[in-house]
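Asker: Take this sequence and fold it.
(2 chains)
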Amino acid sequence: EAGVTQFPSHSVIEKGQTVTLRCDPISGHDNLYWYRRVMGKEIKFLLHFVKESKQDESGMPNNRFLAERTGGTYSTLKVQPAELEDSGVYFCASSQTGGASPLHFGNGTRLTVT
Amino acid sequence: AQSVTQLGSHVSVSEGALVLLRCNYSSSVPPYLFWYVQYPNQGLQLLLKYTTGATLVKGINGFEAEFKKSETSFHLTKPSAHMSDAAEYFCAVRGRTSGSRLTFGEGTQLTVNP
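Answerer: You can find the predicted model right below:
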């Protein structure tokens, strides 16, 4: 089966610009997650979709971040306007229903804000 | 809320030596436990998981981990390190209640010396 796909793999933007990250989950996985790793720190939860609904968005840093999952398939994460501290690797993951189901991660998008 | 502590941000072993990566968790009830590995320029890959039953779980690439409730630990081991094991390893926990998020430790970078 195809894994979780993220696009782009790298993005370099200037402070104040907008960037949109995309994630295509494994087909049939209702759960989709976004995580972020800022350099040198732990991987932190951002939000969780169940199908097209936001189950938990308590990890979103601020209102400059907007995540969508229209139709319950792929998801986008938009950062507008980007700040220097937004730099890091953004991971997307998907899973089947059930807490014991492991998360399957994409390769991540490395975002650099200059 | 769950938390995870990985003892040692960097571990270095010789090829052929035992690998031991430590993980302790904090949770009101035993959670689901996972180990993920990240090879350079790749995403997170599931190594193994503990959900229920046998407390010694075997994963891919010769790794195994033992869940010890009394010690709230889930240490990862491999009897004989290989050069290809060099990567970053993450311990993660997830509560057994619906909607619980996956929480990561800070990661342990494993170096294997020839």
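
Asker: and chain B, which of its residues are near chain A?
Answerer: B:32, B:34, B:36, B:41-46, B:49, B:51-52, B:90, B:94-107 (C-beta under 8 Å from any C-beta of the partner chain). Placement of C-beta: from N, CA and C, glycine included.

Asker: who are the neighbours in contact with the closest residue to residue B:26 other than its chain neighbours?
Answerer: With sequence-adjacent residues excluded and distances taken as C-beta to C-beta, 6 or more residues apart in numbering or on different chains, residue B:26 is closest to residue B:3, at 4.5 Å. Residue B:3 makes contact with B:25-27, B:93, B:103, according to C-beta atoms under 8 Å, 6 or more residues apart in numbering or on different chains.

Asker: 10 Å instead, please
Answerer: B:24-27, B:93, B:103, B:105 (C-beta atoms under 10 Å, 6 or more residues apart in numbering or on different chains).

Asker: By pLDDT, give me the weakest of the residues you listed.
Answerer: Here the lowest pLDDT out of the contacts of residue B:3 sits on residue B:27, with 85.

Asker: picking up where we left off before, among the residues of chain B next to chain A, which are in helices?
Answerer: For these, not one is inside helices, with DSSP state H as the criterion.

Asker: which of these count as buried?
Answerer: Buried by 16 or more other C-beta atoms under 10 Å in any protein chain shown: B:32, B:34, B:36, B:43-46, B:49, B:51, B:90, B:94-95, B:100-107, out of the residues of chain B next to chain A.

Asker: Could you list which of the residues you listed belong to strands?
Answerer: Judged by DSSP state E, these include B:32, B:34, B:36, B:44-46, B:49, B:90, B:94, B:102-104 as members of strands.

Asker: quick one: which of these is nearest residue B:14?
Answerer: The nearest member of these to residue B:14, counting by C-beta to C-beta, is residue B:90 at 23.0 Å.

Asker: what does chain A put close to chain B?
Answerer: A:3-4, A:6, A:9, A:31, A:33, A:35, A:37, A:40-48, A:50, A:55-56, A:58-59, A:89, A:91-93, A:95, A:97-108, A:110 (C-beta under 10 Å from any C-beta of the partner chain).

Asker: Nearest the geometric middle of chain A, what residue?
Answerer: In chain A, the C-alpha nearest the mean C-alpha coordinate belongs to residue A:34, at 3.3 Å (C-alpha atoms, centre = their mean).

Asker: ok so it is a helix residue?
Answerer: No - when DSSP: H, G, I helix; E, B strand; the rest coil is applied, residue A:34 is found to be strand, with no helix at that position.

Asker: Got the confidence number for it?
Answerer: Looking at residue A:34, its pLDDT stands at 97.

Asker: Residue A:1 too?
Answerer: At residue A:1, pLDDT is 66.

Asker: residues contacting residue B:50?
Answerer: Counting by C-beta under 10 Å, 6+ apart, residue B:50 makes contact with A:100, B:30-35, B:56-57, B:65-67, B:74, B:93.

Asker: swap that for residue B:110, sorry
Answerer: Residue B:110 neighbours (C-beta under 10 Å, 6+ apart): B:8, B:10-13, B:19, B:21, B:37, B:76, B:78, B:81, B:85-89.

Asker: Make sure residue A:92 is actually in contact with residue A:48.
Answerer: No - Residue A:92 lies out of contact with residue A:48 (C-beta atoms under 10 Å); the separation is 11.2 Å.
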